[in-house]
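# Here is a sequence with its predicted model. Questions after.
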Amino acid sequence: MKRLFIIAILALLATAGMAQEKCYWVFFTDKNDTQFDPYSYFDAKAIERYQQSGADLYDISNYPLNGSYVNAVNAYSTEVFGESRWLNAIGIEATDDNATLIAQFPFVDRVQEIVSNGTVARIEAKCKEIGSNYNDILTDQLKRFGGQHFIDKGINGKGLRICVMDGGFPKVDTHPAFKHLRDNNQIVKTYNFPNRKENVYGWSTHGTMVLSCIAGINDEGQMLGLATGAEFLLARTEIDPEPFKEEVWWAQGAEWADKNGADIINSSLGYGKDRHWTKDMDGTSYVAKAAQKAVEKGILICNSAGNEGDDKRWMTIITPADAENVLCVGGIDNDLEDYRHIAFSSYGPTADKRMKPNVVAFGIAEVAEPNNGRYSNAAGTSFSSPLTAGFCACAWQTMRDKTALEMKAEIEKSADLYPYFDYAFGYGVPQAAYFTGEQKPAERSFNLVQEKDGVKIMFSTIVKNQDVFFNVEGEDGVLLGYYKASPDSTGVKLFNKDLGDGKKLNVSYNGFYDSCPISGHGGDITVVPNTRRVGGQDGTFPKIKEEGWQKSTFFQYDYNIGNATWNGFNRHFAFGRRWFYGKTYKIGMGLGLDWNRYVHLDKDSDIHPFHDQTIMRNMQIRGELMQRVVIRLWGINWDLGVYGGINAIRRVKVVDKTYVTDDMGQPLPPETCRTKYTMYNGVKAMNLFEYGAATRISYSIANMLNIGVYGSYRLSPVITKDDILIGTKANNPSPWSVGIEFEFAL
């Protein structure tokens, strides 16, 4: 058994180091010997968009890949699962060795492993049927945009084409929420990139709910989204679980949307903390580059900010929402009176400190429920993005001469906090009245009064359910802190005695904006009264983590399985620190202190309740090397590694009890026994070194706590000498241990 276990451990460790099939981008150097006719490739609506936006139909990025290059790479690949004209690249599966060979081809610019893991930006969906007898055609999620202004003027996104990229669209072909789309042939095309076919009406329910936030109508005739008159392209680009390919499919989906005349792309998808580092959220990922290219070609992209707002280790958005010209949409609570950042919505800025999100919308929405043909309440920035995409279609309908980039700017200007911004709300919630010409000029609602020790915000009138938003902006445009407060007649005082020169105070209240410089001598700002920092932040710019080792603290408790000799309660306790490098596949090391106890009970003296005992104890300084595989779908970590330690304290206590008997030779009560203790220390007690192999399976809770079970097999003997009572080399404690572990991300 011992030999088989050792062989298995060594085989697994060797397998981890061997070349395995992985997913790669392969980028080509050129598109030599390729031809392209845009008028046979593009849909007529795409050509119209190119001409209107001033984009070049004959741009080299639109040309196909060189087929001979693709075929040559394919010969060394397990699979070519996607192509991108815009990136002049293909996605492949190949072994490490073959990837190295492919990189040496003269027409290959570079080969890069794909280390991005897609995720739908959804928290949960709870079944909650929408009641009947609505007197209003709009849900609250559309009222928040002032959507009635669009309704009154008959603006419903007609003439706009929207591509929805998601993980599937079950029951869209039968659900009553989309009957008007089917009856009017508003679903123009569909494509399933993972399965390479047109059918998208299955798989993840996420896409169905997202689409309903753009154009759904419930059974009572109440609108769930504003763009009920738009046309749609439905693209399935996600598969769950699928750790590597989605980024290629996302790029393909954007090109497909471009080819088929999309004006708007909604992407309630993102690539973030499962495989990326926060420093990567700077607009340089390949999916962000594809998004940027789509905007250059006249497409407006709405993308969810992500649902990492309550993960204090992340504190930025996800890609491709980090792309400069993508409209990144965060989430707020579904309350028409209280303007609150919703806890899970990701905060900006980007890793290179650009302002994101751009705008916000409800992060809790009424959606079509595909499983029962009814309607549900769902939460996530997955729904704030499509709500905004539907709004954008209506807004663009009023300004068809604008380019995508110009429309992005107009959407931002329409928001109810503009030109104020912060990293929780962006510019606020876009408003329909801006586009229908019914937005009233904001009246002055406060004054900024410079005082010796700071600035006071004085309010002429206190408006019910209106918070004041304010931030402190540095010279480089980066926010040093942002807040919101409930004003009262005393105003809000900002003490700047500790704040450095060159800073700027920006304030928004009841639609009015003003700013002023602040001077001081460096440090933080103090604000009173009734002030709460947005989203529970500390009011300072959150430090974005660089790529590096992730640290954790662990506690272990286990039981050493007994054998014929060491038959007592044998236990082990340890705590220490670990350091991991990587995302889904991690390499790690640990250092800790261990306490072990092995007990022998003399079965031969069972006529007395006090048996003879031998107790071995040691304190060990232990190190470990391991690999960790993270199974994202289930939140499971699997560790496999080796450990080794030095027994700093080694002690054996032999307890020899001699019982007193009466004249008849019968033992007297136990309290009459005489006990002899013999102590052995150091090398005479047990081995100086210990080493072995261990494996763990743990479950991750909120990326902060891993709770798991583990087992270990000790390869070294505990006893190496025949010096103690029962301590012969043939009577070593069992090498097997099992136990539980708690690991904290501290």
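Yep, that arrived.

# Just the buried positions in stretch 613-626, please.
Neighbour-count burial for stretch 613-626, counted by 16 or more other Cβ atoms under 10 Å, picks out 613-618, 620, 622, 624, 626. No exception for glycine: its C-beta is placed from N, CA and C like everyone else's.

# Can you redo the residues you listed as TSV, where the extra columns are distance to Phe391, secondary structure and pLDDT?
Formatted as TSV, the buried residues of stretch 613-626 follow (distance: Cβ to Cβ, whole Å; DSSP: H, G, I helix; E, B strand; the rest coil; pLDDT from 0 to 100):
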residue	distance to Phe391	secondary structure	pLDDT
Gln613	77	strand	78
Thr614	77	strand	81
Ile615	73	strand	85
Met616	72	strand	86
Arg617	69	strand	89
Asn618	67	strand	89
Gln620	63	strand	92
Arg622	58	strand	94
Glu624	53	strand	94
Met626	49	strand	91
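
# now those as CSV including distance to Gly588?
Shown next, in CSV, are these (distance: Cβ to Cβ, whole Å):
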residue, distance to Gly588
Gln613, 38
Thr614, 36
Ile615, 33
Met616, 30
Arg617, 29
Asn618, 25
Gln620, 19
Arg622, 14
Glu624, 8
Met626, 5
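
# and of those residues, the nearest to Lys312?
Among the buried residues of stretch 613-626, Met626 lies closest to Lys312 (Cβ to Cβ), at 25.7 Å.

# Who does that closest one form a beta bridge with?
Beta-bridge partners of Met626, counted by DSSP bridges, are Gly588, Gly641.

# elements contacting the helix or strand where Asp639 lies?
Using DSSP states H and E, the secondary-structure element containing Asp639 is strand 636-658. Secondary-structure packing of strand 636-658 (3 or more Cβ pairs under 8 Å, 6 or more residues apart in numbering; DSSP states H and E): helix 2-17, strand 585-601, strand 613-631, strand 674-681, strand 689-701, strand 705-714.

# relative orientation of that strand and strand 613-631 in degrees?
Angle between the axes of strand 636-658 and strand 613-631 is 180 degrees (criterion: axes from the mean of the first three to the mean of the last three Cα atoms, to 10 degrees).

# Flag every buried residue along strand 636-658.
Quick answer for strand 636-658 (16+ other Cβ under 10 Å): 637, 639-645, 647, 650-652, 654-655, 657.

# tell me the two of those residues that are most distant?
Most distant of these, by Cβ to Cβ, are Asn637 and Lys657, 47.2 Å apart.

# Return the per-residue confidence for Ile544.
On pLDDT, Ile544 comes in at 48.

# quick revisit: now the strand holding Asp639: mean pLDDT?
Averaging pLDDT along strand 636-658 gives 86.

# Restricting to C-alpha, output that strand in CSV.
Output of strand 636-658 as CSV, limited to C-alpha atoms (Å, rounded to 0.1, in the frame of the first residue of the first chain):
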residue,chain,number,x,y,z
ILE,A,636,-13.5,24.0,-5.1
ASN,A,637,-9.7,24.0,-4.6
TRP,A,638,-7.7,20.8,-4.9
ASP,A,639,-4.1,20.8,-3.5
LEU,A,640,-1.4,18.2,-4.0
GLY,A,641,2.1,18.5,-2.6
VAL,A,642,4.9,17.4,-0.3
TYR,A,643,6.0,18.5,3.1
GLY,A,644,9.0,18.3,5.3
GLY,A,645,9.9,19.4,8.8
ILE,A,646,12.4,19.5,11.6
ASN,A,647,11.2,18.2,15.0
ALA,A,648,12.4,21.0,17.2
ILE,A,649,11.1,19.4,20.4
ARG,A,650,11.0,15.6,20.7
ARG,A,651,9.9,13.9,23.9
VAL,A,652,8.6,10.5,25.0
LYS,A,653,6.9,9.9,28.3
VAL,A,654,6.7,6.3,29.4
VAL,A,655,4.2,5.8,32.2
ASP,A,656,4.7,2.6,34.2
LYS,A,657,2.0,1.9,36.8
THR,A,658,2.6,-0.8,39.5
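
# can you give me the angle it makes with strand 689-701?
Angle of strand 636-658 versus strand 689-701, following the same axes, to 10 degrees, is 130 degrees.

# for strand 636-658, the distance to its chain's centre please.
39 Å (Cα atoms, centre = their mean, to the nearest Å).

# and the angle from that strand to strand 585-601?
Counting by the same axes, to 10 degrees, strand 636-658 lies at 20 degrees to strand 585-601.

# how about the helices in the stretch 201-350 of the chain?
Under the criterion DSSP state H, counting those that start in this stretch, the stretch 201-350 of the chain carries helices at the ranges 206-215, 246-259, 286-296.

# Out of those, which one sits most buried?
helix 206-215 (a mean of 30; mean count of other Cβ atoms under 10 Å).

# chain center to that helix: distance?
With Cα atoms, centre = their mean, you get 21 Å for helix 206-215.

# Show the secondary-structure elements that it is packed against.
Looks like helix 206-215 contacts strand 161-166, strand 231-236, strand 364-369, helix 381-397 (3+ Cβ pairs under 8 Å, 6+ apart).

# And the next helix or strand past the last one?
Translated: helix 381-397. Downstream of helix 381-397, the next assigned helix or strand under DSSP H and E is helix 404-414.

# tell me what that following helix is packed against?
helix 286-296, strand 300-304, helix 381-397, helix 433-436.

# how about a cut-off of 7 Å?
Packing partners of helix 404-414 (3 or more Cβ pairs under 7 Å, 6 or more residues apart in numbering; DSSP states H and E): strand 300-304, helix 381-397, helix 433-436.

# which parts of that helix are buried?
By neighbour count on 16+ other Cβ under 10 Å, the buried set for helix 404-414 is 404, 407-408, 410-412, 414.

# got these as JSON lines, with pLDDT and distance to Lys273 columns?
Shown next, in JSON lines, are the buried residues of helix 404-414 (pLDDT from 0 to 100; distance: Cβ to Cβ, whole Å):
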{"residue": "Ala404", "pLDDT": "97", "distance to Lys273": "29"}
{"residue": "Met407", "pLDDT": "98", "distance to Lys273": "30"}
{"residue": "Lys408", "pLDDT": "98", "distance to Lys273": "26"}
{"residue": "Glu410", "pLDDT": "98", "distance to Lys273": "32"}
{"residue": "Ile411", "pLDDT": "98", "distance to Lys273": "27"}
{"residue": "Glu412", "pLDDT": "98", "distance to Lys273": "27"}
{"residue": "Ser414", "pLDDT": "97", "distance to Lys273": "31"}
